[in-house]
Structures are given as structure tokens and as C-alpha cells.
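Visitor: here is a sequence with its predicted model. Questions after.
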Protein chains: 2
Amino acid sequence: MQEKIHIDPALVERMLLDMAAHGSDGGTGVSRTVYSPEWVGATGLYAKWCEEAGLQVRMDAVGNVWGRLEGADADRKAIVSGSHIDTQTPGGRYDGTLGVIGALIAVKVLRERFGTPVRPLECVALCEEESSRFPSANFWGSRAITGRVGPTDPDTVIGYDGKSIAEAMRDVGLDPARIPEAVRNDIDTFVELHIEQGPILEHADLAVGLVTGITGIRHYGVELTGIANHAGAFPMDLRKDPVAGFAEITSGLVDTAHRWGRPAVTTIGRVNVKPNAPAIIADSVGFTVDARHPDPEMCQKLHASHESLMTEVASRRGLGLKWSILMDHPARPSDPDTLEALKAAAAIQGVPTIFMASGAGHDSQQMARIAKTAMIFVRSKDGRSHTPEEFSSTEDIVAGIEILAKGLHTLAYS
Amino acid sequence: MQEKIHIDPALVERMLLDMAAHGSDGGTGVSRTVYSPEWVGATGLYAKWCEEAGLQVRMDAVGNVWGRLEGADADRKAIVSGSHIDTQTPGGRYDGTLGVIGALIAVKVLRERFGTPVRPLECVALCEEESSRFPSANFWGSRAITGRVGPTDPDTVIGYDGKSIAEAMRDVGLDPARIPEAVRNDIDTFVELHIEQGPILEHADLAVGLVTGITGIRHYGVELTGIANHAGAFPMDLRKDPVAGFAEITSGLVDTAHRWGRPAVTTIGRVNVKPNAPAIIADSVGFTVDARHPDPEMCQKLHASHESLMTEVASRRGLGLKWSILMDHPARPSDPDTLEALKAAAAIQGVPTIFMASGAGHDSQQMARIAKTAMIFVRSKDGRSHTPEEFSSTEDIVAGIEILAKGLHTLAYS
């Protein structure tokens, strides 16, 4: 079927604006944290839209809202698209919301034009991805679907306001004890539409990118210790200065990732010097290393290279070195067949695209544990996200949803 | 006069211990801030000792305690030795106290052995040098002597407890309005004995060093700004990462001072990254640069070299760069004739010494505005100071006081 699918730009704009009203935080800002009144409003609106689109609607035990178009063969595993409906505080109108709305519009258009699919076809608004209310909640919605919320998690995941996520769930009528009921074992493929959050598409002058994989992310917490001394009375040749060692390590790690080239990235974003006084050679420097690569093997090599450089510099300078791994998400390559289907869809739609990696984490990373996954990125103005200033043009968004719809058609209707 | 002067080690030990009782802060620790009850006790004890040594004693308007041995020619400018009696919180038993006691012992011994000097000869316990109670008080005692306490200073120098230094003075019976009366215009030479506070003498296996000058100290407050972005989604080649720029600058400045060799020193001791989050490329890095050299011309060259390196790196990396100068004390070379007198004294005493620069600031730096100055350093165990663990052996201290006494004899008795 080589026919193009057309998405109505006015519908896209209206839905994005109506959804942004739930949590509107001044100008183009949106603050919509999981289980908040704004979130209740947004999930209610999404359920209403799904119903109006002729889908079977349900909120699962953790708070994800699903719209389902039954397949002719209801026993086959489902084709699903969606993203997260929560935002940063404040975030903007796009980010995950784009994928939530895009999935609904795609399913709605496919139903209107092609009727019943062969496989079940679903859209989903995942309840939580940003950790903007509960710092350790991350991927709460997609983790529930994949059975990775532990039984003690609801009471131990605590929000910035001191409230547990269990309490917050009860506030909106959800029973945390029932979270295991949110598990799905019947999803074949999960396709996520999202804004890029980086400048690659803008620099390439393209509206849409197809994501070959989600980067592996590791966060190291590193502690480099030296000997505090008087900044005037201690000669350079006798110092054990951890700030000087930190500087050499930082340059080394950053230069390594830079020389490897895209898509390797390494960031030193947090630095704490003790005692942090102008006239005292520091005693210690604590810092984080965020190192990412979407190829699982290259990711390991990048981490090994960083570890070896840190070890060498600390040892040569006589500094103490300890690190712990604060976060470790393995790289998740996209499913090659799904990617091919999206590539073919883009070709039919006449939208030029590139393959690119996602340097940010996404719900797809979790969904990859139970389903084939792929993602579609829409160009972000100035590469910005997680801010009221994030922006993607309606034209770019429509191009993204059209590829999504065309791809879902290929996957669900044959 | 080639005779040696002998100092009684038991007297030195007793005085150091008795003085340490005023502000004793557990074990070998001493906390004695200016105008505190401990300080009142210590200055009272010093006055008593001066009196017992046959000196004319007075506390000046700011709280410095002077012991004066009148000269045969009372109209000639005085030869003075001393240091500061206040400590860090906690500091140890030595630091400035060593020079306060050493000066008294030297004058006492000279009077006992040689009687009336040609010039007036004085010892002094300066009231404040550490800024350990009032962060902006620094060199309060010696600044008052040199007329550099401004009329509004007493009410605007505020302590960590919120009290002004004027109030603290009134608490101990001093009238801040009378500070100008502490000015001296009749000092010929000021010789200060102090612990080294660094490891140079220990590494050279020497008890005593003669100080060729006090280092010039400049503190820069530097702000490097980039563009905050997502640590995963922004490729290395498109970043403006101020942490990476900071690392290159730090390595450059530290390596520059290291390659210059002693006595140049450069320290980056305070670093503040914003927003300081593991997964965000930073927006800005604020840091201090402490750069010192005791040669005025070399000091300027060091600063110019640092400024040019910072400018080059920031410009090449497209980072914003601003700096302000937070502190700027010019280098103060010692008086060559005084230094020669001390060198000759050391030779007669049979104490091997080296010439060395002081990398730390001292009251002598202030006194150099009104008098010829020089300093004598006594070896510090492990180069440590400003801690209860600071230690100098009685043997080393006696060697230092003997050189001081011999030097003062040369200066005051002829």
C-alpha cells in the first residue's frame, strides 16, 4: 500500500493546546507531575479523546491510560504507540505529550481510514517518566508495565514534598497493591514518538529522525582525594592537589568522547570541592561522570576507557580514587525490522529522514524488555527540551505523526 | 661581636605552654580570637611577662601589647620584633605565638646580657591577623599601626556572631574611635619570627630559613559561562561546556606555576558549578584563582600569563569569561640590609639556613609600609599550620630565637 497518510495540522495544534491547559504554568510552560490534579485532568482528557475516537479505554493499575482498537485476530500481540504524559516543572507543551497525542491521532486516523486492523492496535499515555515529583520514580509507568516495580517501591519512593508515591496514588483513587496488574505480556511492538531534545536534526535541516537505539547511560560518582594544604606555603612540586587531578581527568574524559565522535557523549555535570576555599589546596573533589553510547559494546569500551584514564591519572598524581556506579541503563538498540518499517513509511510519505541514536533515556528503553521497540524523533528548536521554550513546528510534528501512522499501518494491518 | 647568644629551651617551652592555656581547645589545640576572654587572658599574661623582663609595657588603642626597652638615643627609630597573638579556631600553639614569645625572650636576654641598647628595642604581640573571628578584619593589628584602618571600618567589620569589631573592642575596654592613636611613625625595622607553614625547610633538613620577601597574592574570582543542555542529546562537537573549559584552564594555570618552579604557586581552591546536576551540561562555573610570587615583577608576569591563558581558552571554546580581583596584596621583598644582618647572625650562631620566600601573608607585609622588614621561619612538622597538629621542635625554635636575638643585637646595639 503505497498511499500516503495525511494528518490534519489543525487537529494536532488543537490537541496540543488543549492538553497544555492541564498544568499550564505561565506562557508556554507546563507543570504536570504524576498523580497531581493537573495529571488527573490530562489523563481524563486523553481518555475522553480515545473514547471519541472509538477506542476501548481503560486506566491500568498504575495510571497509564490505554486506548485500544481491537484486531481481527484478538489473540495476537498488540502494536502499541505512546509516550509519557507527565512533564518537568516547568517543562513545555511537547516532549512526551507529543508522543501521547501523536499515537492517539495515528490510531484514530488508521481506524477511520482502514477500519479493523489484523492485530490489536493501541495508544497509551504513560503516567510517569520525568521523576519531576518523585526523584527515584523514574520510568514508573513503563516499569509497571514490564513488571519492574518492586513490592516495596510504592512506600519507599518519596516525593519532594515528603509524600510517598503510594499515598499520591491513593489520593487519585489508585491502589498501589494492585500495580502488578499493570503488567503486559501481550505487546509485540512499541513505537514511541518524541521530540529530539538535541540539535542534530536542526543541524541536518531535517524534520524527522528514526532512532536506531537508545543510548546506554552510566553515571559514576567519583571521589578524588589529595592533601589539603596552605595555598601559599606549599610548593607546586610537593602538592597532592585533587582539583588539578580533576582537571586532567575531566579534559581526558571529555576529549575521549569528543574524539570518538557522535554518538559518544561524556559529561561532568556535578562537582563538589572540599573545603572549597580560595587559599586552601583542596582535600577532595567529588564529581559525576555521565557517559553514554547507544551501541552496547562501544558503551562498555567507553566506560572502560574512562575508568582506565581516571585510574592512571590518580595513580600518577598520588591521589586517592574511589567511584561508585549511581545509575546504569544498558544501551537498547531498536528492533531492525520495526526500524525498516518506519524507514519504508518515511519513504512513502516522502519525508527525508536520517537514522540517529537517542542520547536521552526514554520509556522505550523499559518497553524493550518485553517488546520490539523503535522511536521517531521530531526536530527541536535549538535542541531544547524540559523548558517552556521547547518548540517543534506543527509541520514537523505532522510529518512525524504521518510516518508513525504509516508505520503502525504496516505493523498492525498485515 | 662574634659571641653566640644562648636561649634557655626550658623558658621557651614553659612560655609556649603557659600561653597555650589561654584558649586551650582540647589536646594541643588553641582557639584564641581577637578581643575574646581568651585573648584578654593571653595579652594580660604577655604584659605581665614584659613587665617582669624589665620592659615598659603598654597596650595601644587597638589592642597591640608593646614591651619597650628604651635606647640610649631615645629619639632614634625603634627596632621591633613580634607577631600576632590570635589563632585560628582551632589553631595550634605555635604559628604567630612563636614570634610573640620569641621577640620577648630575645629582648629580655639582650637586656640581661647587654643592658641598654643604642636604639629603642621593642617586642610586640599584635592583636589580630587570622580573621578567624571577623572575616574581613585581616591584619587588624598591624593595619592600625600603619594607619590603614579606615574610620568606618570598626562598625562595618562584622564577626561570624553578627557583632561588629567596634562592639567587640568596647567589650574589652577599648574605644574604637581612638584606633588612629595606634599609628607608629617611629619604627626603623620590624623583624618577625613565625613558623614556616610549609614543607620547604623540612625537605631541606634545616631548622631555620631567612625570608627574602613575602609573596604577592592575588585572588581572582572567575566566571566561565557556556550553554546548559541535555547531557545525552547534545553531541560533543556542538557543546559549549564551561566545565570542560574550566578543566583546560585549571590544568593550564597549575602547569604554568609548576613549570615556573618555586616560589611561584597557583591554586584553584573554590569551584561552583551551576546547575551542578549529573545529566546537565553546566551553564556556568565560578572559581577562584590564587596566584602568588614574591618577586613583584615576576608576580605581575604570572598574573598576566594566567589572564592571557584564561582569555585564550574561553575565546577558543566560545565561552563567556569575566573576572574580578577579590584580593591583591603586592609582593613585599625583605630589606636587604636587615636580611644580611640576620644571615651574619645565623653564621655566628652556627645555624645553617637558606634564603626562602614566604608563600603566606604576614603582618610584616603591612609593617613594610612604614619600616624595613625581614622574617625568620622555623621548620614546621609536615609543613602544617592552622591546626592543633602544627608542631615545631624546641630545638628548632631555640635556633630561630637565637638568630633573632643576635640579629636584633646587631640592629639595636650599634
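Guide: Okay, I see it.
Visitor: which residues does A:L126 bridge with?
Guide: Residues in a beta bridge with A:L126, per DSSP bridges, are A:H84.
Visitor: so it touches A:H84, yeah?
Guide: Yes. Counting by Cβ atoms under 8 Å, A:L126 touches A:H84, with 4.3 Å between them. Quick note: C-beta positions are derived from backbone N, CA and C, even for glycine.
Visitor: who has more neighbours out of those two?
Guide: Taking other Cβ atoms under 10 Å in any protein chain shown, A:L126 and A:H84 do not tie; A:L126 has more neighbours (30 against 27).
Visitor: give the contact list for that one.
Guide: By Cβ atoms under 8 Å, 6 or more residues apart in numbering or on different chains, A:L126 lies in contact with A:N64, A:G82, A:S83, A:H84, A:I85, A:G96, A:V100, A:G141, A:S142, A:I145, A:D363.
Visitor: now do it, the pLDDT please.
Guide: On the pLDDT scale, A:L126 is placed at 98.
Visitor: picking up where we left off before, give me the common contacts of A:L126 and A:H84.
Guide: Common neighbours of A:L126 and A:H84 (Cβ under 8 Å, 6+ apart) are A:G96, A:V100, A:G141, A:S142, A:D363.
Visitor: hmm, back to that, which ones among the contacts of A:L126 lie within helices?
Guide: Among the contacts of A:L126, the members found in helices (DSSP state H) are A:G96, A:V100, A:G141, A:S142, A:I145, A:D363.
Visitor: which helices and strands sit right next to the helix or strand that contains A:A399?
Guide: Secondary structure from DSSP states H and E places A:A399 in helix A:394-412. If you count contacts as 3 or more Cβ pairs under 8 Å, 6 or more residues apart in numbering or on different chains; DSSP states H and E, helix A:394-412 packs onto helix A:9-20, strand A:78-84, helix A:95-114, strand A:187-195, strand A:208-214, helix A:336-349, strand A:372-378.
Visitor: columns mean pLDDT on top of those, output as TSV?
Guide: Below are the helices and strands packed on helix A:394-412 laid out as TSV (pLDDT from 0 to 100):
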stretch	mean pLDDT
helix A:9-20	98
strand A:78-84	98
helix A:95-114	98
strand A:187-195	98
strand A:208-214	97
helix A:336-349	98
strand A:372-378	98
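Visitor: include distance to B:V172 when you put these into JSON lines, please.
Guide: As requested, these are exported to JSON lines (distance: least, Cβ to Cβ, whole Å):
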{"stretch": "helix A:9-20", "distance to B:V172": "66"}
{"stretch": "strand A:78-84", "distance to B:V172": "66"}
{"stretch": "helix A:95-114", "distance to B:V172": "63"}
{"stretch": "strand A:187-195", "distance to B:V172": "67"}
{"stretch": "strand A:208-214", "distance to B:V172": "68"}
{"stretch": "helix A:336-349", "distance to B:V172": "80"}
{"stretch": "strand A:372-378", "distance to B:V172": "71"}
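Visitor: which stretch among those comes nearest B:A412?
Guide: The minimum distance between B:A412 and these falls on helix A:95-114, with 79.8 Å, by Cβ to Cβ.
Visitor: distance check, A:E248 against chain B.
Guide: For A:E248, the distance to chain B equals 6 Å [Cβ to the nearest Cβ, to the nearest Å].
Visitor: quick check: closest non-adjacent residue to that residue.
Guide: Spatial nearest neighbour of A:E248, excluding adjacent residues (Cβ to Cβ, 6 or more residues apart in numbering or on different chains): A:V313 at 5.1 Å.
Visitor: list the contacts of that neighbour.
Guide: Contacts of A:V313 (Cβ under 8 Å, 6+ apart): A:G245, A:E248, A:I249, A:G252, A:L319.
Visitor: residues in contact with the nearest residue to A:N276 once chain neighbours are set aside?
Guide: Leaving aside its chain neighbours, A:N276 sits nearest to B:R270 (4.9 Å; criterion: Cβ to Cβ, 6+ apart). Applying Cβ under 8 Å, 6+ apart, we find B:R270 in contact with A:V273, A:N276, A:A277, A:P278, B:G286, B:F287, B:T288.
Visitor: before we move on, what about A:R178?
Guide: Neighbours of A:R178 in contact, by Cβ under 8 Å, 6+ apart: A:A61.
Visitor: now A:L302
Guide: Counting by Cβ under 8 Å, 6+ apart, A:L302 touches A:T256, A:A257, A:W260, A:A264, A:T266, A:A291, A:R292, A:H293.
Visitor: so the residue nearest to A:L98 when sequence neighbours are not counted bridges to which residues?
Guide: Distance criterion Cβ to Cβ, 6+ apart; nearest residue to A:L98, sequence neighbours excluded, is A:I195 at 5.7 Å. Per DSSP bridges, the residues bridged to A:I195 are A:V378.
Visitor: which of the contacts of B:R270 sit farthest apart?
Guide: Largest separation among the contacts of B:R270 by Cβ to Cβ: A:A277 and B:G286, giving 13.6 Å.
Visitor: the residue nearest to A:L98: neighbouring residues, count only.
Guide: A:I195: 31 neighbours (other Cβ under 10 Å).
Visitor: check A:G115 too.
Guide: For A:G115, the neighbour count with other Cβ under 10 Å is 10.
Visitor: for the closest residue to A:L411 other than its chain neighbours, what are its contacts?
Guide: Closest residue to A:L411 apart from its sequence neighbours, by Cβ to Cβ, 6+ apart: A:I79 at 4.6 Å. A:I79 makes contacts with A:P117, A:R119, A:P120, A:L121, A:E122, A:D188, A:T189, A:V191, A:L408, A:L411, A:A412, as judged by Cβ under 8 Å, 6+ apart.
Visitor: reformat these as a markdown table; add neighbour count.
Guide: Output for the contacts of A:I79, formatted as a markdown table (neighbours: other Cβ atoms under 10 Å in any protein chain shown):
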| residue | neighbour count |
| --- | --- |
| A:P117 | 24 |
| A:R119 | 23 |
| A:P120 | 24 |
| A:L121 | 28 |
| A:E122 | 26 |
| A:D188 | 18 |
| A:T189 | 23 |
| A:V191 | 33 |
| A:L408 | 29 |
| A:L411 | 25 |
| A:A412 | 26 |
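Visitor: let me know the outermost residue of chain A.
Guide: A:A233 (50.1 Å; Cα atoms, centre = their mean).
Visitor: check contacts around A:V271.
Guide: With Cβ under 8 Å, 6+ apart, A:V271 has these contacts: A:F246, A:V285, A:G286, A:F287, B:V243, B:V271, B:V273, B:N276, B:V285.
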